[in-house]
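Novice: generate coordinates for the sequence data below:
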Amino acid sequence: MVSAVRPGGWLMVEDNDVGGVMLPATAHHMEQPERAALFERVAGAVVVAGRDMVDFNYGAQLVRAFTDAGLVNIAAEVHSPIVAGEADKWIPGNLAGIAGRLVDTGLATASDVESCFAMYADPSFYHVPMFLVTAWGQQPAWSRQIPRSARHMKGTNPRLNSTF
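Specialist: As a prediction, this is how the structure comes out:
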């Protein structure tokens, strides 16, 4: 992605951060302790079961990835709405896709999964669905390499005749 950004151009990427310390932080915003405990059990099981499919913590790594890619003027923010259970279709939809694996591997019980579906169907259940990390950075204005499209112009532009 970074190579597609012109010199001086900006790149913005958003990704979730729902694993690790974010699970208790998400549960903290649930008004009922028993629902928070259920969420932590089931969401924790989803993170463990899904490790081979997705990096649930990649949002937390965006700033480092931007730095390693050579971007400058890097910044980021973490945000999340608080929504009613019935409004959130993403979490129940993903849970439906992995529920069998959770139960088959013993990471969660069938009762926990069913209780979680019921919790997300309840319009009085307000929660933070996930934390979203938005990171942005700028491609340096001057590249150390002459762009391929300009190499044929070497000799016609004094700026292209030297290294930067």
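
Novice: buried stuff in the lengthiest helix in the chain?
Specialist: If you go by DSSP state H, the chain has its longest helix at helix 33-50. Residues 35-36, 38-39, 41-47, 49-50 are the ones in helix 33-50 that count as buried (16 or more other CB atoms under 10 Å). (C-beta placed from N, C-alpha, C; glycine too.)

Novice: just checking, residue 50 touches residue 56?
Specialist: Yes. Counting by CB atoms under 8 Å, residue 56 is a contact partner of residue 50 at 6.8 Å.

Novice: could you list the low-pLDDT ranges of this protein?
Specialist: Across the chain, residues meeting the criterion (pLDDT under 70) sit at 143-164.

Novice: OK, contacts around residue 48?
Specialist: residue 107 (CB atoms under 8 Å, 6 or more residues apart in numbering).

Novice: same thing but 10 Å
Specialist: Applying CB atoms under 10 Å, 6 or more residues apart in numbering to residue 48 gives the contacts 19, 56, 102, 105, 107-108.

Novice: now residue 113
Specialist: Counting by CB under 10 Å, 6+ apart, residue 113 has contacts 38, 42, 45, 95-96, 98-100, 102-103.

Novice: how close does it sit to residue 70?
Specialist: 44 Å (CB to CB, to the nearest Å).

Novice: now residue 79
Specialist: For residue 79, the distance to residue 70 - CB to CB - is 26 Å.

Novice: distance from the chain centre to the longest helix of the chain, please.
Specialist: Between the centre of helix 33-50 and the centre of its chain there are 18 Å (CA atoms, centre = their mean, to the nearest Å).

Novice: which element follows it toward the C-terminus?
Specialist: Remark: after helix 33-50, the chain's next helix or strand is helix 62-68, criterion DSSP states H and E.

Novice: where exactly do the strands run in the chain?
Specialist: Here the chain has its strands, by DSSP state E, at 10-17, 72-79, 83-84, 126-127, 131-138.

Novice: need the winner for burial among these.
Specialist: Among these, ranked by average contacts under mean count of other CB atoms under 10 Å, first place goes to strand 126-127 (a mean of 20).

Novice: who touches it?
Specialist: 26-27, 29-32, 35-36, 39, 80-85, 87-88, 91, 119-120.

Novice: adjacent strands (with direction) for it?
Specialist: Strand 126-127 has these partner strands in its sheet, going by DSSP bridges: strand 83-84 (antiparallel).

Novice: coming back round to it: using TSV, please lay out the strands of the chain together with distance to residue 61.
Specialist: Shown next, in TSV, are these (distance: least, CB to CB, whole Å):
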stretch	distance to residue 61
strand 10-17	8
strand 72-79	11
strand 83-84	25
strand 126-127	25
strand 131-138	9
